[in-house]
Every structure is written in structure tokens, then in C-alpha cells.
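Asks: Next input, structure requested:
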Amino acid sequence: MRILTIGAVTALLLAVYTNGQTEQETDAKRLEYVRAHYTKYDFRIPMRDGVKLFTSVYAPKDASQSYPILMKRTPYSVEPYGTDHYPNSLGPSDLFTKEGFIFAYQDVRGRFLSEGTFTDVMPHKTHFAGPKDTDESTDAYDTVDWLVKNVPNNNGRVGIWGISYPGHYAAYSLIDAHPAVKAVSPQAPMGDVGNGDDAYHNGAFFLAANFGFYTGFKPRGAEPERKDNADKFDYGTPDEYDFYLRMGPLANGAALLTGANSYWEDLLKHPNYDEFWRTRALAQYMKNVRPAVLFVGGWFDAEDLAGPLKLFRAVEANGPSSPVTLVMGPFSHGGWAKVAGDTLGNLNFASKTGDFYRERIELPFFVQNLKGKGDGLKEKPDGSIPKAWLFETGTNQWRQFSAWPPANAVTRSLYLGANGKLTFHAESAESAAGFDEYISDPAHPVPVTAETGEGMPSDYMTYDQRFASRRADVLTYATEPLDRDVTIAGPVSPLLHVSTSGTDSDFIVKLIDVYPGDYPDPDPNPREVKMGGYQQMVRGEPFRGKFRNSMEKPEPFQPGAPAKIDFAMPDVCHTFRPGHRIMVQIQSTWFPLVDRNPQQFLDIPAAKAADFRKATERVYRGGPDGSQIRVSGAGPWPAK
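Replies: Numbering: from 1, shown residues only. This next block holds a predicted model:
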């Protein structure tokens with residue numbers, strides 16, 4: 001959900017003017033170009049209920065041709081305000097500034113200079129009380145209608161885009177879209193905040209991300225305002241693991257926030273997947289979609305990885321009228337807009353993936369659909385538009401698919417075996433049956449990283465997991481070194497048979513690529529990273545055990561009694577190379593990424609310090625009750 005405002009993002013976007021200049025000189029050149037080629041106008045656009053939304057429009061000074069409108073709706077401010085103040089880039093990247101569009105930026109209802117009341121992740125209304133009733137789909141419709149009727153020299157075609165929360169608004173605009181809307185790109189949209197995106201993952205609360213976000217994202221005052229009303233939060237320590245451990249139970253969080261924040265309070269009022277969350281999930285409303293759609297996400301997105309995947313599947317399932325494409329690259333949250341994309345954390349992808357996306361995918365998509373120029377996403381003029389255009393990690397290559405998951409993908413299983421073995425075929429019950437156990441202590445939770453710093457670094461998925469595999473409260477299973485490529489393309493679905501001595505517990509599953517011992521170190525290597533034996537997380541996801549039978553109606557565990565947990569993790573497109581090993585780690589804490597479970601069946605947001613207790617966790621393997629990880633695989637499966 002977190003994303004930088006327009007003014008901050010533009011400083012990070014692709015620079016086309018760099019020739020050994022300083023960053024300040026480059027930004028000055030970009031600003032000079034925008035001012036020379038665009039004229040800014042500010043409007044207060046009336047919605048059907050009379051509320052006026054503040055909208056800045058940047059129109060090309062060239063009047064020799066008409067231009068399409070490219071719009072972004074945001075809760076994060078359309079700064080800089082004032083018709084004499086310009087940003088140094090327009091659109092998703094500088095490529096759009098040079099190509100030429102009419103750019104429209106809007107403060108959504110109740111934020112900054114727009115009138116009305118803001119609702120955090122507004123529910124979609126399936127029934128309206130009357131012709132003046134509104135939600136975000138009607139605000140998008142009314143804005144587009146006003147723009148095409150009132151902004152001179154537009155060609156009647158509108159595109160909409162946004163990253164993170166603005167990506168959520170872009171997805172919202174697909175619902176009963178205005179006929180002028182021809183292309184929409186929801187990028188890192190929140191498909192389901194209550195399960196899979198920012199707030200909760202399978203009932204587990206993403207603590208660090210949400211507390212950090214709501215220290216700054218707060219209700220606006222009664223009057224419109226140009227600046228954010230929040231001061232930067234002082235954690236008092238560079239070690240957020242320590243900060244959140246000292247914070248104690250979730251109930252203590254509100255007292256640490258500077259001023260009341262109803263948005264944070266709403267999260268804690270709804271730990272179950274109830275009507276509050278169901279009405280805020282957009283996937284169910286992705287019906288009769290008419291514009292062309294480009295869903296964009298990152299394989300290493302710490303916040304909204306699941307959103308584009310869920311929304312893509314929903315649109316596809318309901319039969320869109322225009323082509324719909326999913327794009328997933330090796331990016332952190334919104335990283336495709338900012339950087340070259342050849343590296344992330346300690347990982348190297350051997351090409352400038354961000355440049356490729358912006359030049360070969362994003363710009364052609366909008367140019368073709370809004371200007372009728374070029375072949376868009378087609379590889380050849382007589383070819384077809386891909387359903388998915390994904391970066392395959394491991395082999396480090398972009399691949400196009402006519403279906404996702406691939407049509408030839410077969411569901412297979414990785415089986416947990418005795419002595420920490422991970423096998424491709426189920427071992428006999430006699431040799432493998434049994435369980436592995438560990439003690440989970442909420443007072444000493446497994447950290448999300450081995451390094452001191454943020455509670456949830458934006459690139460935490462790239463961090464080496466060797467520190468975790470050495471802990472006694474983390475179970476580790478690994479294959480022998482592979483003798484061939486093993487590609488996993490699609491969802492990863494753990495089927496666990498577990499028990500706990502408590503009445504509730506979390507179970508976190510991580511799928512990991514273990515590099516061979518002679519894997520070369522980076523060159524240069526200022527951080528002295530040792531890549532030999534590196535344990536790269538391919539996918540990780542928590543599950544709060546009390547929701548194993550229902551996300552709305554939790555049930556306690558019977559202490560010591562085996563129970564089944566069956567869930568799906570977000571998709572991957574990754575090839576484990578020869579000489580690498582596939583590893584699975586299982587643990588019950590992941591802190592402070594995920595809040596601590598007291599390991600007692602109770603309302604966790606209301607838990608007290610005395611409620612947190614140790615529990616003995618067992619994971620069963622072998623025989624009919626053995627645990628396994630189901631994956632979508634392609635190609636021949638290894639024999640062992």
C-alpha cells in the first residue's frame with residue numbers, strides 16, 4: 001500500500017538526460033523539458049453528488065495533433081500544487097513525457113485538496129441508494145466524463161495507471177468503466193487487503209508494514225490541505241525487531257502512534273475475514289471488463305504481490321472484452337518504475353529488467369491502445385498478445401505465455417522426509433512416517449532477517465536464509481543437488497499435517513533455492529557477500545492455524561491432536577538450476593514481519609502480555625498423513 005508521492009517518485013524515475021551530470025542537474029533538465037512542452041491547469045471536477053475533486057492536468061503545448069488522456073488517481077497528493085509549479089516528469093516514466101499525452105492527476109475524495117470524506121480501501125457498492133450515490137468506480141467514471149468533455153484537444157481515449165494504492169484505484173476504474181477508457185494498468189494493486197495483500201495473510205497480521213504505514217497515513221483534518229499532517233515517526237532505535245518486541249501486544253500499538261488513527265484501529269477490529277474485508281476485495285467485482293488491461297507486479301513485492309495475480313485471474317475467469325496481460329518481473333514494490341532492475345539486494349538478474357519493462361512493455365501498451373501506433377504487446381505484427389509476460393528467475397529471462405499458469409504445467413509434490421530430506425516422490429510409510437518438532441517461543445521469535453534494521457525491508461525476500469536454517473525453532477528439508485533444471489511455474493500450495501501443544505499457532509512455509517558451494521561472489525563485492533551456499537527465498541507465506549477450516553470463523557486446535565492446514569501461496573516462475581538444491585523451511589514466528597501469535601485461542605488484538613506462551617509444534621511426514629508442498633511443474637521430474 002505504501003508508495004511515494006509524485007514529487008518523490010519523479011526523482012527516482014528513468015533519466016533520459018544523464019551525461020555525467022549530477023542528480024540535481026539531471027532533475028533540472030527534466031523539469032526544464034516539462035515546462036517547455038506542457039501547460040498546467042488545475043480543476044475542481046464535480047462528482048454526481050456535488051463533491052469536487054482536485055485535478056491537475058498537464059496538456060502538451062503542441063496543438064498540431066490531438067492527444068489521449070493518461071490519468072492517475074491517488075490518496076498521496078498530486079503535488080506540486082499551483083499552476084506555476086511543475087514536476088520533473090509526467091506519466092509512468094520519462095518515456096511518456098517525451099511521447100506526449102494529456103496527463104491528469106487527481107486527489108481522491110477526502111484527500112488533500114479534494115472535498116468529501118475519505119474511506120480507507122473503500123468497499124464497492126453493488127447497489128446504489130440513488131443517482132447521487134457514489135463509490136470509487138463512479139468517481140472514476142465522472143472524472144473521465146468531465147475530462148473528455150472539457151479538456152481541449154483530447155482524442156476521446158483515456159488510459160489509467162497507478163502503483164500500489166493508486167494501482168488499486170486503477171483496478172477500481174475497471175468496474176463499469178467509462179466508454180472512453182481504453183487501457184488500464186493496475187500496478188501492484190491491492191486485490192484483497194484482508195487476505196494476501198497489505199493487512200492480513202491467511203489470518204496473520206503483517207505488523208511492521210502496517211504500523212509503519214499508518215504512522216504517516218492518517219485521516220485528514222476537516223479542511224482540505226496541501227501537506228501531509230503527519231510527522232516522521234521516531235522508532236528510537238535502528239533495530240525494529242527490538243522496537244516491536246518491546247511494544248508488546250498489538251493493543252499497545254495505538255498508544256505509540258502520534259495521535260489517533262482510525263485506519264489502524266479498523267485493522268485490529270477485524271482480525272477475521274468478515275464482511276468488512278469481503279466488501280473491500282476487488283477480485284469479485286472484476287466482471288464485464290471492457291478496456292485492455294495490463295496487470296503489473298513484482299516477484300519480490302513485500303506489500304502487494306498477490307494483488308495483480310488475483311485480479312488477473314478474476315478478469316480472465318469472467319471473460320473480458322479486450323486483451324488482458326499479466327506482467328511480473330524481479331522487482332520490489334513499485335521497483336519497475338524506478339531503477340534499471342539488473343540487481344535487487346544480493347541478487348543479479350543479468351539484464352536491465354526495469355528498462356526492458358518500461359521500453360518494451362509499458363509504453364507500447366499505452367501507445368497502441370490510446371494512439372493506435374505500433375503493435376503494442378505483440379512480439380510480431382501478425383502474432384497474438386500474450387496472456388502473461390513474466391521474468392523467470394533462476395534462468396534470468398523474460399518469457400511470454402499464452403496462458404498462466406502454463407498450459408503444460410502439471411501439479412506435483414515435494415514431500416517432507418526423515419532426516420531433513422525433501423523428495424520428489426513419496427517415500428514408504430515405514431521409512432518416512434513420523435514427525436519433526438520444535439518449540440515456538442513468542443518471546444524469542446524468528447526474525448525476518450539476520451540484519452539489524454527495518455522490520456520489513458522492501459527487499460526482504462532476497463535475503464539469505466542461512467541464519468534461519470540454523471535455528472532450533474525452524475525445520476529445514478532439502479533435496480540432493482539437482483541433476484537438471486526444475487521449473488516451478490504457478491502457485492505453491494503447502495498441505496501440512498501438524499499439531500501444537502497450544503490451542504493456536506502460526507505455520508510459516510518458505511520455498512528456497514540453495515546455491516551450490518562454488519557459486520561466484522558478486523564483483524565488485526563491497527558488502528563481502530558469500531554466495532556459495534546462499535539460501536534465496538523463492539516464496540514465503542504465513543498461515544494462522546485457527547483459520548484452517550474457515551477464514552471467518554476460527555477454531556481452536558485440540559492440544560496434541562493432528563490437524564490439516566491446506567493453503568495457496570502466491571505464484572512463482574522460477575527455475576532451480578543443476579547443482580542447486582530445493583529447500584523448504586517451516587517455522588511458527590516471522591517477526592516483526594508478522595505479529596506474534598500468543599499460541600492460545602483468543603482475540604489476538606486484545607491479547608495481554610501474559611497470554612503469550614511457548615508451544616511445541618509438530619509437523620508430520622510420511623504415510624497418508626505426511627506433509628507436502630504442491631507446485632505447478634514443467635519438464636521431467638527428478639527420480640529422487
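Asks: Might you list the low-confidence residue ranges for the protein?
Replies: Scanning the chain for pLDDT under 70 picks out 1-20, 228-230, 428-431.
Asks: Burial check on S89, number of neighbours?
Replies: S89 has 28 neighbours, counted by other C-beta atoms under 10 Å. C-betas here are computed from N, CA, C, even on glycine.
Asks: Make sure I have this right: it is in a strand.
Replies: No - going by DSSP: H, G, I helix; E, B strand; the rest coil, the assignment for S89 is coil, not a strand.
Asks: What separation do you get for F591 and M461?
Replies: 16 Å (C-beta to C-beta, to the nearest Å).
Asks: give me every residue that touches P152.
Replies: P152 sits next to A59 when contact means C-beta atoms under 8 Å, 6 or more residues apart in numbering.
Asks: Hmm, I typed the wrong one, I wanted P189.
Replies: 162, 164, 167-168, 170-171, 282, 295, 304, 307-308, 311.
Asks: quick one: secondary structure of the nearest residue to K352 once chain neighbours are set aside?
Replies: For K352, ignoring the flanking residues on the chain, the nearest one in space by C-beta to C-beta, 6 or more residues apart in numbering is A340 at 4.3 Å. Under three-state DSSP, A340 falls in the coil class.
Asks: tell me the contacts of A340?
Replies: Per C-beta under 8 Å, 6+ apart, neighbours of A340: 352-355.
Asks: Would you mind checking those residues for buried ones?
Replies: Buried members of the contacts of A340, scored by 16 or more other C-beta atoms under 10 Å, are 353-355.
Asks: Out of these, which comes closest to G334?
Replies: G354 (10.6 Å; C-beta to C-beta).
Asks: Identify the residues contacting the residue lying closest to that closest one once chain neighbours are set aside.
Replies: Once flanking residues are discounted, G354 sits nearest to G341: 3.0 Å by C-beta to C-beta, 6+ apart. By C-beta under 8 Å, 6+ apart, the residues touching G341 are 329-331, 335, 349, 352-357.
Asks: What of K132?
Replies: Neighbouring residues of K132 by C-beta under 8 Å, 6+ apart: 48-50.
Asks: same thing with G196?
Replies: 202, 306-307, 310, 570.
Asks: what's the closest of the contacts of A340 to Q106?
Replies: Nearest to Q106 among those: G354, at 26.2 Å, using C-beta to C-beta.
Asks: hang on, that closest one is in a helix, isn't it?
Replies: Yes - looking at G354 with three-state DSSP, it is inside a helix.
Asks: Please give the number of neighbouring residues around the spatially closest residue to P554 that is not a sequence neighbour.
Replies: Nearest residue to P554 in three dimensions, chain neighbours excluded: K546, at 3.8 Å (C-beta to C-beta, 6+ apart). Neighbours of K546 under the rule other C-beta under 10 Å: 23.
Asks: Just list the residues touching K546, thanks.
Replies: By C-beta under 8 Å, 6+ apart, K546 lies in contact with 203, 503-504, 554-557, 601.
Asks: list the buried ones in the host helix or strand of F276?
Replies: For F276, the host element (DSSP states H and E) is helix 275-278. Buried positions in helix 275-278, judged by neighbour count with 16+ other C-beta under 10 Å: 276-277.
Asks: Report all helices and strands that the helix or strand that that helix is followed by contacts.
Replies: Later in the chain than helix 275-278, the nearest helix or strand by DSSP H and E is strand 292-298. Under the contact criterion of 3 or more C-beta pairs under 8 Å, 6 or more residues apart in numbering; DSSP states H and E, strand 292-298 touches strand 181-187, helix 306-317, strand 324-329, helix 363-371.
Asks: For the next helix-or-strand element following the shortest one, which strands pair with it and how are they oriented?
Replies: If I follow you right, that is strand 324-329. Using DSSP H and E, the helix or strand that directly follows strand 324-329 along the chain is strand 343-344. Counting by DSSP bridges, the strands paired with strand 343-344 are strand 347-348 (antiparallel).
Asks: ok, and what's touching the partner strand?
Replies: Residues contacting strand 347-348 (C-beta under 8 Å, 6+ apart): 330, 342, 462, 522, 536.
Asks: and the residue nearest to the last one when sequence neighbours are not counted, helix, strand or coil?
Replies: Excluding the flanking residues, the one nearest Q536 by C-beta to C-beta, 6+ apart is D513, at 4.6 Å. Classification of D513 by three-state DSSP places it in strand.
Asks: Quick check: bridge partners of D513?
Replies: For D513, the beta-bridge partners are Q536, I582 (DSSP bridges).
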